[in-house]
Structures are given as structure tokens and as C-alpha cells.
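>>> Got a predicted model here, sequence first, then my questions.
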Protein chains: 2
Amino acid sequence: MVEDDRLDGRQRRGRDTRAHIISAAMEQFCESGYRASSLRDIAARADITHPGVLYHFPTKEALLMAVLQRRDEQGRETRPVVGEMGRAALASMAAAAAHNETQRAMVELYAVLSAEATGPDHPAHAYFTERYERLHANVLEAYTVARDAGDLVDDVEPRVAAPQLIAMMDGLQVQWLMGTLQPPMARIITAHLNTQLRVPLDAF
Amino acid sequence: MVEDDRLDGRQRRGRDTRAHIISAAMEQFCESGYRASSLRDIAARADITHPGVLYHFPTKEALLMAVLQRRDEQGRETRPVVGEMGRAALASMAAAAAHNETQRAMVELYAVLSAEATGPDHPAHAYFTERYERLHANVLEAYTVARDAGDLVDDVEPRVAAPQLIAMMDGLQVQWLMGTLQPPMARIITAHLNTQLRVPLDAF
DNA sequence: GTCTATAAAGTGATAGAC
DNA sequence: GTCTATCACTTTATAGAC
């Protein structure tokens, strides 16, 4: 019988090439965005040729979607909000900001891609509108629950506070990537939340 | 004597072709960003061929810088802050947000470009770091003056409040472009400023 | 000052060998 | 499953006519 995962010929890595390509694409998209990244750049990073990449992903766009999907699967960032309630969910947003500071490549990917995907014709446009709507719904609920629990200062309106918080996190990431941000992102987000919460969060 | 601005031959528009090209490039960059815009696209908009464009601007990068420079010259947006003091300067940020809502193309240009320009190798990287530093300095001073005039709630730290406000404005623009923002940007910014000011601004 | 023509390089994608 | 070779196209930029 023939071994199913033999490594003869050029088949060096067995079969998880697919996962390896996604990692390479992730790095490349992080550095240059989607449009400016070529399949050849990505292929080179994965130690393969570009038709090799296209064997696993029919188009460049399919590869992009695979990258975004993999990112979603491995969780983080919007996930912590789900399942937690009110004040705790808000605190986890500050934690996410702290976590982001250790993930420059990921932050870059989302900053560049979400701006690119602003145009309705961009292949990731639907992905990002859905992502923003989901995120907004989660944060809105967090503020609503916190208010109903009496955790918020009086004049905080969830419908205004939710887009504010999301915007602040996104905007800080650009300043941070640009290198023009002085204090840590988490500290700035915590300070913002502390103006809305009756009992302040612990500082980061 | 030969007329200096004669219109013989193909020289239809006299000499302000240069300005015309910049306008065309501005529109194109707005819609597609820098990297995805080709000189042919821009040339077509200016009713010219692409070598015609390259006669006036040696490289695509030079054209980009001309677009950004022209934008700075015709003022707006960061300008109102200069010369105004404290509370008034902060109010003008909310006014800028309102103004932006009538300038989708411009907002798009800056959102896409500032994310692209995050990478140190991008041709507009220096432009944007300088821009952010200048903006930060202006907003920082606005908060400092406002605080010293007793216009601010007690625990507002200018060094934290400045990046917060800038981030919120940038982040809201992405949500707005994406089409996932419910209330008007100006209202959201005004609400934020009103949590910091002793006497609230008029609503927009 | 603007054109046509073209160079030189890069793009996503396909065909077919191994 | 990955390669080489290549297609059809687009890109920035240049040369030279008018």
C-alpha cells in the first residue's frame, strides 16, 4: 500500500501547506494591505511558487477570505465581550486594547484592510460591515446592561457611547501604528471608560 | 509679440492643466486610494493621456504629494484650531466633524491613505506622521488652555484627552464610510466634548 | 505641452508536465 | 501537490514626433 502522507519528491511538508500559506498571506497583507500584496510575494514567504498557492486557493480573493476566517476562528478581540455582562464586558474592551499592543501585525492587517474595505466594491466589504455591526451590537448591549445595573454615570447614552468606544479603539490603533501615540492604548481606553463608570476600573 | 497664454493647437485649456490634474488625482485617490489608482485613470479624468500627466509630475508619488499639499493649502479641518483658544478650539473640532459629513471623498482619501501610510516605507508616511503630530499639538494646547481657563471637568488630563479626541474622529469616519454609523458624527463628538466641558456646547 | 508608441516590469490566472 | 512556462493584461515610465 502507498503511504498516504509520504514525503517523496518535492512534497516536503506533508499536507499542511494550506495552513502555512494562510500564515504567509496574513503576514504579507499585514505589511502591505490586500491590493498591494502579490501572490508571488505570498508564495515566496511560503516557500512555494504562485501557482502552488493557486492550487489551494482558486483566487487571491479566496485567500483573503481564508485569512480573515482563520483570524475569526482563533478568537480574541470581539469574542471576550460575548457572554460577559455590562461592566465586565466593557472592562474586557480595555483588556483587548492591551492585548492588541502585543499583536502589531494583526492590528496592521485590520487597520489597513478596514480602510480599504470601505469601498463597496472591495472583496472584504461585506465581511467588515458585518463585523462592525456585530461589534456594535455587542458593545451596545454591554452599555445597556451596565446602565440597567446602575453601573454608569447618569448621562451616558448607550446608542452614543457604543460607536464612541469602537471609534476610539480603531483610531488609537492608527496613531499607535503611526508611532505618534504617547501613552499605552489600554490606559487611554481605561481612562475613557472611567469617565462613564461609577466605580473606576483598575488601571492597566 | 507672442501671447503668453495662447490656445493654439492642442493647448486648449491654456496652462492650468496642472491644477486640473491635481483635482483629477484627488478625486481618483479618494475613490480608490493611492496604490489602486493608476496614472491612466487619473489622466482620463483630466482629459489627457498618462504621459501628459507625467510631463507635469515626474512620478506618481510626486503627484500624490502635490494632492496632499494642495489640500493643506486650501485649509480646513486642522486649521480652525489654530488661533482659536481652548473651549472654542474644541468646539471647532465638532464643527469639523459636521463639515466632514459633506465631504465624503476627502474623508475617504484620508481614511484610506492614513492607514496605508502606516508603513514606514509608504511615500506619504512622513506627511502623515507630521500631520498627526501637528494635530496632536494643537488639540493638546486646546485642552490645556481650556483647563487653565476652568472650562473643563476636574479629571480631564489633556495628555490623554487629546489622543482620545483625535482617535474618536478618525474612528467615526471609518464607521461612517462603512455605512454602519447611526447618529451623525458631529453629534457623537459633541456628546463626548460635553462630558468634558463644564458648560455644554450647543447640539449640532 | 501634449501626443503616439513602446519599453520593462509586474499582475492574476491557466495549461500541462512530473 | 507542486512545478515550469506562458497568457493576457496592467502598471509606471521614457522616447520622440508634432
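Right, received. Where do you want to start?
>>> In terms of residue numbering, what are the domains of chain A?
If the domains of chain A are taken from automatic domain parsing, they occupy A:17-72, A:75-194, with pieces of a single domain joined by a plus sign.
>>> which one of those domains lies closest to residue B:162?
In this view, the domains of chain A are compared for proximity to residue B:162 by Cβ to Cβ, and domain A:75-194 is the closest at 9.1 Å. Just so you know, the C-beta spots here come from the backbone N, C-alpha and C atoms, and that holds for glycine as well.
>>> right, is the closest one up against chain B?
Yes. Contact check for domain A:75-194 against chain B, using Cβ under 8 Å from any Cβ of the partner chain: residues in range are A:108, A:111-112, A:114-119, A:128-129, A:132-133, A:136, A:155, A:157, A:159-160, A:163-164, A:166-172, A:174-175, A:177-183, A:187-188, A:191-192.
>>> hang on, the earlier thing: I'd like the domains of chain A laid out as TSV, including mean pLDDT, mean neighbour count and distance to residue A:202.
Shown next, in TSV, are those (pLDDT from 0 to 100; neighbours: other Cβ atoms under 10 Å in any protein chain shown; distance: least, Cβ to Cβ, whole Å):
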stretch	mean pLDDT	mean neighbour count	distance to residue A:202
domain A:17-72	94	18	29
domain A:75-194	92	19	8
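>>> Now do the SS call for the residue minimising distance to the centre of chain A.
Computing the C-alpha centroid of chain A and ranking residues by Cα atoms, centre = their mean puts residue A:110 first, at 5.4 Å. On the three-state scheme (DSSP: H, G, I helix; E, B strand; the rest coil), residue A:110 is labelled helix.
>>> Leaving out sequence neighbours, find the closest residue to it.
Excluding the flanking residues, the one nearest residue A:110 by Cβ to Cβ, 6 or more residues apart in numbering or on different chains is residue A:173, at 7.6 Å.
>>> which stretches of chain A form helices?
A:17-32, A:39-45, A:50-56, A:60-73, A:86-100, A:104-116, A:125-148, A:158-178, A:185-194 (DSSP state H).
>>> Output those as JSON lines; include the columns distance to DNA strand D.
Formatted as JSON lines, the entries for these read as follows, by distance: least, Cβ to the nearest atom of the strand, whole Å:
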{"stretch": "helix A:17-32", "distance to DNA strand D": "4"}
{"stretch": "helix A:39-45", "distance to DNA strand D": "7"}
{"stretch": "helix A:50-56", "distance to DNA strand D": "3"}
{"stretch": "helix A:60-73", "distance to DNA strand D": "13"}
{"stretch": "helix A:86-100", "distance to DNA strand D": "33"}
{"stretch": "helix A:104-116", "distance to DNA strand D": "16"}
{"stretch": "helix A:125-148", "distance to DNA strand D": "20"}
{"stretch": "helix A:158-178", "distance to DNA strand D": "24"}
{"stretch": "helix A:185-194", "distance to DNA strand D": "34"}
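>>> And the residue lying closest to residue A:60 once chain neighbours are set aside, how far from residue A:55?
The spatial neighbour of residue A:60 that comes closest, neighbours along the chain excluded (Cβ to Cβ, 6+ apart), is residue A:39 at 5.9 Å. Plainly put, residue A:39 is 12 Å away from residue A:55 if you go by Cβ to Cβ, to the nearest Å.
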